[in-house]
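**Q** following is a predicted model, sequence given first.
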Amino acid sequence: MRVLLIFVFCVFVVNAKAQFSWPDGAKAAVVFTYDDGLDCHLDIAVPQLDEYDLKGTFFCTGNSPSLYNRTEEWHTISKHGHELGNHTLFHPCDGTGQDWVKAEYDLRTYTPEQIVAELKTANTLLKAVDGNTERTYGYTCSHFVANGVDFTDSVKNMFVAARCDGPIPKTMKVYKTWKTPSFMSADPEIEDLIAKVEEAKTNGTIVVFMFHSVGGGYLNTPADVHEQLLQYVSENRDELYSDSFINVMKYVKENQ
Ligand SMILES: [Zn+2]
């Protein structure tokens with residue numbers, strides 16, 4: 001009986017892995033996302049992505065100085081296949097253990113109605129920049145609770161998909177497009193980043209990178225490391241499917 005159960009379990013695991021197929025026989029998907037609407041995204045990340053013909057998703061906060069000062073450039077990158085994702089207006093987070101969160105932008109005291117209104121207004125703002133009526137969301141600090149209430153359902157209704165944090169998925173079977181895991185790193189070695197791609201390849205699943213500063217700044221990824229990762233993904237295109245977060249999530253939803 002025990003042997004039979006183990007056999008059934010193994011068949012289940014093999015099937016779970018085999019059941020999701022990526023475009024053109026790719027073994028895994030790779031998604032590049034960038035948070036907080038920073039100048040270094042326009043100055044370093046986008047030119048590097050363009051050089052390797054790869055697309056990124058840029059989760060811009062409404063109060064990003066770069067979005068204000070360089071609106072035309074953000075508009076232009078959206079026309080070149082990069083996505084402007086919603087990352088709220090004021091970047092509210094749960095301030096537990098995070099001194100930098102201002103009292104007025106602490107999710108512990110936001111009402112659920114307040115965060116939903118903020119997300120809608122941020123959508124209006126981004127629509128004014130790129131003209132798009134659908135986009136994805138990047139949970140600020142990967143938090144999804146306002147004043148003790150989980151607002152995930154509202155996010156689910158408003159966006160094509162939403163990015164959270166978490167490990168590389170073992171299977172696509174139970175993959176939640178409204179709370180996708182992603183990998184955040186600070187000052188990573190190229191080997192660490194490639195290891196994540198390889199883990200996704202082994203699992204037949206997906207790695208979503210969450211970058212902040214590129215080429216200097218907080219939660220930084222050195223410019224050369226960023227470029228090496230893009231080069232690696234570009235050189236392995238036959239095995240790796242890569243596109244903006246919204247396009248990859250649309251594919252997942254259609255094929256899940
Ligand atoms: Zn952020």
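**A** Happy to help now that I have it.

**Q** just the helices in the stretch 1-150 of the chain please.
**A** 2-18, 39-40, 46-51, 65-69, 71-79, 112-130 (DSSP state H, counting those that start in this stretch).

**Q** what comes into contact with the last one?
**A** Right, the one you point to is helix 112-130. Under the contact criterion C-beta atoms under 8 Å, 6 or more residues apart in numbering, helix 112-130 has outside partners 60-62, 67, 71, 74-75, 78-79, 84, 86-90, 92, 107, 132-133, 135, 137, 146-147, 149, 151, 154-155, 158. Any C-beta I mention is one placed from the backbone N, CA and C, and that applies to glycine too.

**Q** that one versus helix 71-79: what angle between them?
**A** 90 degrees (axes from the mean of the first three to the mean of the last three C-alpha atoms, to 10 degrees).

**Q** in a markdown table, list the helices of the stretch 1-150 of the chain along with mean pLDDT and mean neighbour count.
**A** Output for the helices of the stretch 1-150 of the chain, formatted as a markdown table (pLDDT from 0 to 100; neighbours: other C-beta atoms under 10 Å):
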| stretch | mean pLDDT | mean neighbour count |
| --- | --- | --- |
| helix 2-18 | 53 | 10 |
| helix 39-40 | 98 | 18 |
| helix 46-51 | 98 | 18 |
| helix 65-69 | 98 | 15 |
| helix 71-79 | 98 | 15 |
| helix 112-130 | 98 | 16 |
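
**Q** same list (these) but as CSV, adding distance to the ion.
**A** Shown next, in CSV, are these (distance: least, C-beta to the ion, whole Å):
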stretch, distance to the ion
helix 2-18, 32
helix 39-40, 14
helix 46-51, 18
helix 65-69, 13
helix 71-79, 16
helix 112-130, 12
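
**Q** so which of the contacts of helix 112-130 belong to strands?
**A** Among the contacts of helix 112-130, the ones falling in strands (DSSP state E) are 60, 84, 86, 137, 146, 149.

**Q** and the first one, what pLDDT?
**A** The score at C60 is 98. That number is its pLDDT.

**Q** picking that back up, for the helices of the stretch 1-150 of the chain, give me TSV that also has distance to M172.
**A** Shown next, in TSV, are those (distance: least, C-beta to C-beta, whole Å):
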stretch	distance to M172
helix 2-18	8
helix 39-40	32
helix 46-51	25
helix 65-69	33
helix 71-79	28
helix 112-130	27
